[in-house]
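Participant: make a model of this:
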Amino acid sequence: MDSLLEEKSFLTQKVKIKKKYSNKEIQLHHFFHQKTKIFPENVIIHNQFIFFFVKSEDYFKAKRLLKNLRTQLIDKKILIIRSETTLIKLLFSFFPDTYIHDITLSIVENTGKRLVKIIFLFYEDRGIAVGRSGDYINLVNKIFENYITLEKFNTSIEIKCEIIELEY
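Facilitator: Residues are numbered from 1 along each chain as shown. Prediction:
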């Protein structure tokens, strides 16, 4: 029971996303607002990816304008993410176009690192979540490592995507 309680406590804790912007992120913040009339909560650039974090109430309006944004920034992969305050909701918002069956937590014995497993039923959903050659899941892990802080647990987390075979 302690393990289940810790898992629930860990996954429902509050998270914060970095607020320090580079000059390029400031430019993209203004660009996003100019094109969508929505103020992003945060902007993160990593390699060819640009993440715009928006309030939940603005998410669908921003998502409708995603194609237009992508035509403006052709050489970048643009993603719009719901800016959530709890870890579990933030995890779901990083994988919006997939069906997530479950999210589990385990602790790596020798390091104490928390391993968050996102469980999928279908290989197609897992493939979307992982990305080509693992690019997307590696990027999500880097974002959690460098930009997201956990309120209660001062530990690093690693996110993995797995398939579960349902028995009939």
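Participant: longest helix anywhere in this structure?
Facilitator: helix 23-36 (DSSP state H).
Participant: quick check: buried residues in that one?
Facilitator: For helix 23-36, burial by neighbour count (16 or more other Cβ atoms under 10 Å) applies to E25, L28, H29, F31, F32, T36. All C-beta atoms are positioned from the backbone trio N, CA, C, and that covers glycine.
Participant: tell me which element the residue nearest to the second one when sequence neighbours are not counted falls in.
Facilitator: Of all residues not flanking L28 in the chain, V43 sits nearest, at 5.1 Å (Cβ to Cβ, 6 or more residues apart in numbering). If you go by DSSP states H and E, V43 is part of strand 42-46.
Participant: what bridges to the residue lying closest to I17 once chain neighbours are set aside?
Facilitator: Take I17 and drop its neighbours on the chain: the residue closest to it by Cβ to Cβ, 6+ apart is N42, 4.9 Å away. With DSSP bridges as the criterion, N42 is bridged to F53.
Participant: quick check, N42 in contact with V15.
Facilitator: No. Between N42 and V15 there is no contact under Cβ atoms under 8 Å: 11.7 Å.
Participant: what angle separates the strand holding V43 from helix 23-36?
Facilitator: 120 degrees (axes from the mean of the first three to the mean of the last three Cα atoms, to 10 degrees).
Participant: re earlier: which residues touch the longest helix of the chain?
Facilitator: 21, 38-40, 43-45, 50, 52, 61-62, 65, 68-69, 72 (Cβ atoms under 8 Å, 6 or more residues apart in numbering).
Participant: can you rerun that using 7 Å?
Facilitator: Contact with helix 23-36 is made by Y21, F39, P40, V43, I45, I50, F52, A62, L65, N68, L69, Q72, as judged by Cβ atoms under 7 Å, 6 or more residues apart in numbering.
Participant: quick one: low-confidence ranges for this protein?
Facilitator: Low-confidence segments of the chain, defined by pLDDT under 70, are located at 1-5, 7, 168.
Participant: can you give me the helices for it?
Facilitator: Going by DSSP H, the chain shows helices at 2-11, 23-36, 59-64, 66-72, 87-94, 123-130, 135-146.
Participant: would you mark the buried spots in the last one?
Facilitator: In other words, helix 135-146. For helix 135-146, by 16+ other Cβ under 10 Å, it's Y136, I137, L139, V140, N141, I143, F144.
Participant: show me what contacts the first one?
Facilitator: Pointing back at Y136 there. A129, V130.
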